[in-house]
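In: give me a 3D structure for the following:
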Amino acid sequence: MGFVLLKKTLTQNIAVMATDILLIGTGITGALSAFHLKNSMPSVNISLWDEACGAGGRMSGSISPSDSNCAADIGAQYITTNMKTMTKYKDIYEPLIRDGIIEGLTVTVLGMKKFEDESIRHFVAPRGMNSIVKYFLKDVPSRDVRFNTRVIAIDEEGGKLTVESEEGFGSFHAVVSTMPVPQFLQLSGSVPRHAADLTDLQNVAYSSRFALVLFFAKDAQFPFPEWGCRYLDHPVFRYVSVDNVKRNRPEDPVSVMFHTSVKFGVENLEKTLPEMEKLLLGQARELFPDWPEPAAVKCHKWRFSQVVEPFPGKPGCLMLNPSPVLVLGGDAFSESNFDGCIHSSLKIVEALRESFP
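Out: All right, here's what the predicted structure looks like:
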């Protein structure tokens, strides 16, 4: 029997009607939105749904099936920012640094583009990039976060939004979607979409790529290169990192992560993961023939990798429906990086505060 997701109805009937807000997506924008909502609108009820099995979004990682200490970032690799932005968002950066969630990138990165701004800083997450997402979700009760919950429709009903998933449904005063825009546009339901916004949303575009991770045994004799990360000029791969070294954890079991080029990703997007794993593993062996055989291999498809055509004006978020409130956010409405996601989350919360003063 499918469950029915209805929020705290008893509490709502006893006291002043609470505001129920659903955040769709537990990537970094969703996590930061929840964090800011908890601080600025503490009386609202926040729920988070995600079709994935855990938090992270495009900051996700992967763990070796044979060694839980062997892990790798398969999406975002590190954070690039500058001192001006760090000061602007000090309520985000200071606790991340203080609590050891992020550290400075210390390894050699071959082929990294040059920055004219001398205040540029690069950060890695020693416990994986998804630890940043989890850090901002830590104050959200686990009962309010549902994974493996794929939204299929949003309807307007009785002055609220009814959100249907494959597992059940819920009714909310406001819904915020941080899922990739093409996925949102595939949802069914009766929520109106204005023609101008719809055209601009349909024009939002993402790059696609594959990630290949090689997990090595703890006792593997791995010939460490002089670099920790390297951007490649190669027909298949664009980037490779010795991930544990990149994360300032050289003592951990070795994991190596490859990203394909955008061109290769687009050309092979509809191929199966087993096909791609075999092909990519062969290419990796040709590039680095002296490396030992991995203990395990992981291939992942990023259909929506980085935003290449954002929503016009990069407003941070889009109020798609003012009543009941439906807001779209994420890096499609800002810059496609960590700071852009911070900006989007703040604009989302600003829109919600104006809607529920």
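In: ranges for the strands of the stretch 201-350 of the chain?
Out: Residue ranges of the strands in the stretch 201-350 of the chain, as given by DSSP state E, counting those that start in this stretch, are 205-206, 209-215, 229-231, 237-242, 255-260, 296-302, 307-309, 317-322, 325-329.
In: for residue 282, find the nearest of those.
Out: strand 209-215 (10.5 Å; Cβ to Cβ). (Each C-beta comes from the backbone N, C-alpha and C, glycine too.)
In: what about the helices in the stretch 201-350 of the chain?
Out: Using DSSP state H, counting those that start in this stretch, the helices found in the stretch 201-350 of the chain span residues 243-246, 262-267, 273-287, 338-355.
In: out of these, indicate the one that is most buried.
Out: Neighbour counts (mean count of other Cβ atoms under 10 Å) averaged over each of those peak at helix 243-246, with a mean of 25.
In: show me what that helix is packed against.
Out: With contacts defined as 3 or more Cβ pairs under 8 Å, 6 or more residues apart in numbering; DSSP states H and E, helix 243-246 has these neighbours: strand 67-73, strand 255-260.
In: which helices and strands sit right next to the last one?
Out: Counting contacts by 3+ Cβ pairs under 8 Å, 6+ apart, strand 255-260 is packed against strand 67-73, strand 209-215, strand 237-242, helix 243-246, helix 273-287.
In: distance to residue 202 and mean pLDDT added to the ones you listed, as JSON lines?
Out: Listed next are the helices and strands packed on strand 255-260 as JSON lines, based on distance: least, Cβ to Cβ, whole Å; pLDDT from 0 to 100:
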{"stretch": "strand 67-73", "distance to residue 202": "31", "mean pLDDT": "98"}
{"stretch": "strand 209-215", "distance to residue 202": "22", "mean pLDDT": "99"}
{"stretch": "strand 237-242", "distance to residue 202": "27", "mean pLDDT": "99"}
{"stretch": "helix 243-246", "distance to residue 202": "36", "mean pLDDT": "98"}
{"stretch": "helix 273-287", "distance to residue 202": "28", "mean pLDDT": "98"}
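In: can you lay out the ones you listed as CSV showing distance to residue 116?
Out: What follows is those, written out as CSV (distance: least, Cβ to Cβ, whole Å):
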stretch, distance to residue 116
strand 67-73, 27
strand 209-215, 27
strand 237-242, 22
helix 243-246, 24
helix 273-287, 32
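In: can you tell which of those is closest to residue 311?
Out: The closest of the helices and strands packed on strand 255-260 to residue 311 is strand 209-215. By Cβ to Cβ, the value is 21.5 Å.
In: compute the inter-axis angle for the closest one and strand 67-73.
Out: 150 degrees (axes from the mean of the first three to the mean of the last three Cα atoms, to 10 degrees).
In: what residues does strand 209-215 touch?
Out: 62, 64, 66-67, 70, 72, 74-75, 238, 243, 253, 255-262, 264-265, 268, 276-277, 280-281, 284, 291, 294-302, 305 (Cβ atoms under 8 Å, 6 or more residues apart in numbering).
In: run the chain-centre distance for it.
Out: Offset of strand 209-215 from its chain centre (Cα atoms, centre = their mean, to the nearest Å): 17 Å.
In: ok, that strand: who's next to it in the sheet?
Out: strand 255-260 (antiparallel), strand 296-302 (antiparallel) (DSSP bridges).
In: dump those strands to CSV, plus mean pLDDT.
Out: Shown next, in CSV, are the strands paired with strand 209-215 (pLDDT from 0 to 100):
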stretch, mean pLDDT
strand 255-260, 99
strand 296-302, 98
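In: can you check which of the ones you listed gets nearest to residue 158?
Out: Comparing the strands paired with strand 209-215 by Cβ to Cβ, strand 296-302 comes nearest, at 38.4 Å.
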